[in-house]
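A.B. asks: Return a 3D structure for these sequence lines:
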Amino acid sequence: MGLLLAIVGIVIFSAVQETRANLGALEDSGKAFLNALGSGDGDEACALMTRTARSELAAAQRKDTCPQAVEAFIGPLSDAERDELADSYASRSFSRDSSLGHINVDDNPLQISELLLSKVDGKWLVAEWR
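C.D. replies: Next up, the predicted model:
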C-alpha cells in the first residue's frame with residue numbers, strides 16, 4: 001500500500017510540475033508577444049504567431065508581410081500607448097488538454113482583451129486575439 005501511495009504521489013507531483021512549466025511557457029510567450037507589439041518589433045511579434053495568424057494580420061492590414069502588418073497595426077499608437085500595450089499582460093490559463101492557451105490582457109489602446117495561443121512544435125504561438 002505504501003508503494004502504491006508513493007507512486008501516486010510521484011505521478012501527481014510530475015503532473016503538477018508539468019502544468020507549472022506549461023503555464024510558465026504560455027505566460028512567457030504571451031508577454032513576449034505583447035512586448036514585441038508594444039516595441040514595434042514586427043519580426044519578433046510575427047515569430048510568436050502561427051502561420052495562419054500572420055497571414056490573417058497581413059490580409060487585414062493589406063500588407064505583403066506580417067512585419068509590415070504589425071507596423072501598420074500599431075503605427076497610430078503614441079509611445080505611451082505602446083508602453084501600455086507592452087505591459088498589458090493580466091493572466092494565463094489553458095484548456096484541459098493543454099493545447100490551447102489563453103492570455104487575458106488588461107486595458108490597452110488596441111482593445112485586445114484576450115490572446116489565444118496554440119502549441120506548435122512544443123512552442124506557444126499566438127493564433128488569434130479578441
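A.B. asks: now the helix or strand hosting Arg92, how far from the centre of its chain.
C.D. replies: Per DSSP states H and E: Arg92 is located in strand 89-94. Centroid separation for strand 89-94 versus its chain: 9 Å, with C-alpha atoms, centre = their mean, to the nearest Å.
A.B. asks: buried residues in that strand?
C.D. replies: Neighbour-count burial for strand 89-94 flags 89, 92, 94 (criterion: 16 or more other C-beta atoms under 10 Å). Every residue, glycine included, has its C-beta placed from N, CA and C.
A.B. asks: Could you export these as TSV, including distance to Leu100 and pLDDT?
C.D. replies: Below are the buried residues of strand 89-94 laid out as TSV (distance: C-beta to C-beta, whole Å; pLDDT from 0 to 100):
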residue	distance to Leu100	pLDDT
Tyr89	18	96
Arg92	12	92
Phe94	6	78
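A.B. asks: Tell me the one among the residues you listed nearest to Leu23.
C.D. replies: Of all those, Leu23 sits closest to Arg92, with 5.9 Å by C-beta to C-beta.
A.B. asks: Could you report the separation of the closest one from Ala25?
C.D. replies: 10 Å (C-beta to C-beta, to the nearest Å).
A.B. asks: Residues touching stretch 62-81, excluding its own?
C.D. replies: With contact meaning C-beta atoms under 8 Å, 6 or more residues apart in numbering, stretch 62-81 is reached by 36-38, 40-43, 45-46, 49, 54-55, 57-58, 60-61, 82, 85, 108-110.
A.B. asks: Check this protein and tell me which residue is nearest its centre.
C.D. replies: Centroid check for the chain by C-alpha atoms, centre = their mean gives Gly30 as the closest residue, at 2.9 Å.
A.B. asks: Could you pull out the strands in the protein for me?
C.D. replies: Here the chain has its strands, by DSSP state E, at 89-94, 100-105, 114-120, 123-129.
A.B. asks: Cool, thanks, talk later.
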